[in-house]
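Trainee: Kindly generate the corresponding structure for this input.
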Amino acid sequence: MASKQATRRSTGSQGASGNDSGLHRPAVRRLRIYAFDPSLDLDLETMSVNRSVVRVRWEEVEEGPVGVYVEVVDVDPASGCVYQPIDLDQPHLLAQDGLPPSEGSPRFHQQMVYAVAMITIDNFERALGRSIQWSERGPDEETGKYPKREDAYVPRLRIYPHALREPNAYYSPYKKALLFGYFNAQNADPREGLPGGMVFTCLSHDVIAHEMAHAVLDGIHPRLLEATNPDALAFHEAFADVVAIFQHFTLPGVLEQQIRQTRGDLATENLLAKLAIQFGHSTGRGNALRDALGKVDRATGEWRRQDPDPDRIDGTHEPHARGALLVAAVFDAFLTIYQHHTADLRRIATGGTGVLPKGALHPDLVARFAAEASKAAGRILKICIRALDYLPPVDVTFGDYVRAVITGDVDTVPDDSENYRVALISAFRDWGIFPRDVRTLSVESLYWHPPTEREHAILDRLLPRLDVLRMMATAHDYVWVEKTGEGSRSAEDLGDELVCAYARLHGGAGNEPDGRIAEQRRKQFLRERQFAGILHAILSERASTAGLDGAEWETVEWVTGLDLRDPELRFEVHAVRTVYRERPDARTRPELLVMLTQRQVKQLQPDSPEAGEAPLDYGFRGGCTVLIDPTSGRIRYAISKNINSPKRQNRQERFYRQRLRREGLSARARYALWRKGDERIRQEPFAPLHRGDALEEWT
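Mentor: Below is the predicted model:
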């Protein structure tokens, strides 16, 4: 292996330097996957497109595959097997786009999870304008101590294709891994799959993309795993489904085949809107695990389109079912845009009647329909992912996400000539999803507004100097400023040392081999954590010396959601990230994204004498996401949840009480269960959620 890697490095460096060999490292690696899952191989209409060849970002991979972002570890605890890892750089595999799809080949399973994982990562990075990082390691299970800054870094997400012998797959925040299960199909109808046949969740594009989305979202917003309201876990599930569904539109041949089959009407039953078809069949849950458009009536066996119902959300609590409403709204918005953009094509093709003649669609019309659908789906996916940077860092609701979606799109595409925002707002409204604290559902009301001049003047007294902000925003990923911010130096000293060290070490960027890219990612993580420590020191010192009066402190709390007056009430700088926004004119601008959080311990009083328990302690968080323009030092947005909000505290306690009353357990049993605090359940929220277990223990 060592000699093989040395050979690769030598070849790569020759190509990069442009010597006599004339060889350059390719941009992509072509790999074969199942576009959906193996079940579609048995259908003549879909088998031709179910086996797709996808273009994956080229990187030097070791056997596994093990790359810069992910590491596939194929250990099967149930059978005690350790499967031979695949070598994607083996010449025969390079020549034939990897292994052909196969249900019985563990090495193809490894190829499948790697390819879909990398596609998902690319979609996130293009939308966010930065490289992603996995969530850092938490406190030690035995000692409860947090690791040192260097030890908290997670270089790769581990992927286990055969980790579980059960109908389940989930992302583990504790293990920093994706765990996929396999099981014997439970269906009795052979038309839905071989009864008792083996089903591998690692062979479903949708399951892999869904779990990857959970992992990426946890790396961006780790506090969103705390179930503080009915939308919290539902949002995690909905967002992961949106990513999986809209990635269907990027797979070669799939979109055109579905356009032909539906005759261009994607509002009718189609594969693009369905998730985990084989899993749904084999577990007896219908013709798919979930469907953004409709469902099969079990009484008649007929598929029916579900119509928007704004009252349905109030009676829907299970996270998957509640999240499905958000997914349905997003897909309805896509359909509206697609139908609007293809209306002229229909008029041309039908002589103005809008009614297509019987028979197969002309291939040119199929191609035009597919192009419009791909464009709309691509932008919807970017809008949904980009919105993550416009969310508060804690206690997120569906209404917060609606505002984040609109703000992120306004910020990136000011001129919405194609009416994406109108379609999204209309679809959210029709499904009963909107913020409760706005006066209208116009873009102007939903858009997060920047601080006023007075608010900004007050916040300026707490923020670092402009040159410090500029340095934090423009430091490249591979620049590491060493030994800055240690000790008890003043905020001014910290800023001076940071800028001076950066000036000495700052250099130009270049195309680096993968070994350097991995090192750059590690340095990026350490740099961001160090900047977070420096920013915390500066904010703490300035909060104690700013000399703000009572009204000014109230303004700080109103804008940031934080109570910085009390030095005993500690706050956390969760992230300091550089973001490059791509605008329609292809220009980019750097922004500094900062996440601040704060936690208080509150008590939930027993609501019944039967409980016989003392008040229950729980954490109540506040915080804000701050977007700063480093060229001017101005705060563009401060998106907050107030740490002292009695209204929000009452809502959170009401949610806890509702959860404690469910399933008919006594109040005493409920309080005992919560107090027991099963750490395994707390560390693995998705294991019971994706298994369909009861949810009592999650809070």
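
Trainee: so who does the residue most central in space within the chain touch?
Mentor: Note on the chain: the residue nearest the mean C-alpha position is residue 217, at 3.4 Å, using Cα atoms, centre = their mean. By Cβ atoms under 8 Å, 6 or more residues apart in numbering, residue 217 lies in contact with 224, 236, 239-240, 388. Just so you know, the C-beta spots here come from the backbone N, C-alpha and C atoms, and that holds for glycine as well.

Trainee: Could you pull up phi and psi at it?
Mentor: Main-chain dihedrals, residue 217, degrees, to the nearest 10: phi -60, psi -40.

Trainee: Relative to residue 293, how far out is it?
Mentor: For residue 217, the distance to residue 293 equals 24 Å [Cβ to Cβ, to the nearest Å].

Trainee: partners of the top strand by length along the chain in the sheet?
Mentor: Taking DSSP state E as the criterion, the chain has its longest strand at strand 588-604. Using DSSP bridges, the strands paired with strand 588-604 are strand 571-582 (antiparallel), strand 616-629 (antiparallel).

Trainee: For it, buried residues please.
Mentor: Residues of strand 588-604 classed as buried: 590-599, 604 (neighbour count, 16 or more other Cβ atoms under 10 Å).

Trainee: before we move on, what about stretch 540-559?
Mentor: 540-543, 546, 548, 552-553, 555-557, 559.

Trainee: out of those residues, which are inside helices?
Mentor: Under the assignment DSSP state H, those contribute 540-543, 552-553, 555-557, 559 to helices.

Trainee: Identify, from the residues you listed, the entry nearest to residue 230.
Mentor: residue 557 (26.2 Å; Cβ to Cβ).

Trainee: From the contact counts, what lies against the helix or strand harbouring residue 159?
Mentor: Assigned by DSSP states H and E, residue 159 belongs to strand 157-164. When contacts are defined as 3 or more Cβ pairs under 8 Å, 6 or more residues apart in numbering; DSSP states H and E, strand 157-164 sits against strand 70-72, strand 75-76, helix 106-128, strand 177-184.

Trainee: ok so, going back, which of the contacts of residue 217 are buried?
Mentor: If we count by 16+ other Cβ under 10 Å, the contacts of residue 217 have these buried: 224, 236, 239-240, 388.

Trainee: Next, the buried residues of stretch 270-285.
Mentor: 270-283, 285.

Trainee: By pLDDT, give me the weakest of those residues.
Mentor: On pLDDT alone, residue 285 ranks lowest of these, at 74.

Trainee: hang on, the earlier thing: farthest-apart pair in the buried residues of strand 588-604, please.
Mentor: Among the buried residues of strand 588-604, 590 and 604 lie farthest apart (Cβ to Cβ), at 43.4 Å.

Trainee: Low-confidence stretches in the protein?
Mentor: 1-22, 141-144, 188-193, 476-489, 491-492, 494-514, 583-586, 607-614, 661-683, 692-699 (pLDDT under 70).

Trainee: can I see the domain layout of it?
Mentor: Following automatic domain parsing, one finds the domains of the chain at 28-220, 233-448, 463-545.

Trainee: Pick the one among the buried ones among the contacts of residue 217 closest to residue 634.
Mentor: Distances from residue 634 to those, taken by Cβ to Cβ, are shortest for residue 388, at 22.2 Å.

Trainee: Tally up the residues packed near the closest residue to the closest one other than its chain neighbours, please.
Mentor: Nearest residue to residue 388 in three dimensions, chain neighbours excluded: residue 220, at 5.5 Å (Cβ to Cβ, 6 or more residues apart in numbering). Residue 220: 21 surrounding residues under other Cβ atoms under 10 Å.

Trainee: mind listing what residue 220 touches?
Mentor: 132, 388-389.

Trainee: how about CSV for the residues you listed, with distance to residue 529 and secondary structure added?
Mentor: Shown next, in CSV, are those (distance: Cβ to Cβ, whole Å; DSSP: H, G, I helix; E, B strand; the rest coil):
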residue, distance to residue 529, secondary structure
132, 16, coil
388, 20, helix
389, 19, helix
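
Trainee: of all the residues you listed, which comes closest to residue 341?
Mentor: Closest to residue 341 out of the contacts of residue 220 is residue 388 (26.0 Å), distances taken as Cβ to Cβ.

Trainee: now the ones in helices among the buried residues of stretch 540-559 in a markdown table, with distance to residue 83?
Mentor: A markdown table is the format used below for these (distance: Cβ to Cβ, whole Å):
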| residue | distance to residue 83 |
| --- | --- |
| 540 | 51 |
| 541 | 55 |
| 542 | 56 |
| 543 | 55 |
| 552 | 63 |
| 553 | 60 |
| 555 | 60 |
| 556 | 56 |
| 557 | 55 |
| 559 | 54 |
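
Trainee: List the buried residues in whichever strand or helix holds residue 92.
Mentor: Counting by DSSP H and E, the element that carries residue 92 is helix 91-95. Residues of helix 91-95 classed as buried by neighbour count (16+ other Cβ under 10 Å): residue 93.

Trainee: Now do it: everything it contacts.
Mentor: Identification of contacts with helix 91-95 by Cβ under 8 Å, 6+ apart yields 29, 86-88, 99.

Trainee: Would you report which members of these are assigned to strands?
Mentor: Per DSSP E, these map to strands at residue 29.

Trainee: give me the number of residues near residue 135?
Mentor: Residue 135, neighbours per other Cβ under 10 Å, totals 19.

Trainee: Export the domains of the chain to CSV and append columns for distance to residue 633.
Mentor: CSV is the format used below for those (distance: least, Cβ to Cβ, whole Å):
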stretch, distance to residue 633
domain 28-220, 20
domain 233-448, 18
domain 463-545, 4
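
Trainee: Just tell me which of those ends up closest to residue 624.
Mentor: Between the domains of the chain, domain 233-448 lies closest to residue 624; by Cβ to Cβ that is 6.4 Å.

Trainee: Distance from the closest one to the middle of the chain?
Mentor: Computed by Cα atoms, centre = their mean, to the nearest Å, the chain-centroid distance of domain 233-448 equals 17 Å.

Trainee: hmm, back to that, kindly provide the distance from the residue nearest to the centre of the chain to residue 465.
Mentor: Taking Cβ to Cβ, one finds residue 217 at 33 Å from residue 465.

Trainee: Over to residue 437?
Mentor: 34 Å.

Trainee: what pairs with residue 158 across the strands?
Mentor: Bridge pairing for residue 158 - DSSP bridges - gives residue 71, residue 177.

Trainee: Tell me who's in contact with it.
Mentor: With Cβ under 8 Å, 6+ apart, residue 158 has these contacts: 70-73, 175-178.

Trainee: Save these as JSON lines, and put in distance to residue 197 and neighbour count too.
Mentor: Formatted as JSON lines, the contacts of residue 158 follow (distance: Cβ to Cβ, whole Å; neighbours: other Cβ atoms under 10 Å):
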{"residue": "70", "distance to residue 197": "29", "neighbour count": "24"}
{"residue": "71", "distance to residue 197": "30", "neighbour count": "19"}
{"residue": "72", "distance to residue 197": "24", "neighbour count": "27"}
{"residue": "73", "distance to residue 197": "26", "neighbour count": "19"}
{"residue": "175", "distance to residue 197": "29", "neighbour count": "14"}
{"residue": "176", "distance to residue 197": "32", "neighbour count": "20"}
{"residue": "177", "distance to residue 197": "27", "neighbour count": "22"}
{"residue": "178", "distance to residue 197": "23", "neighbour count": "28"}
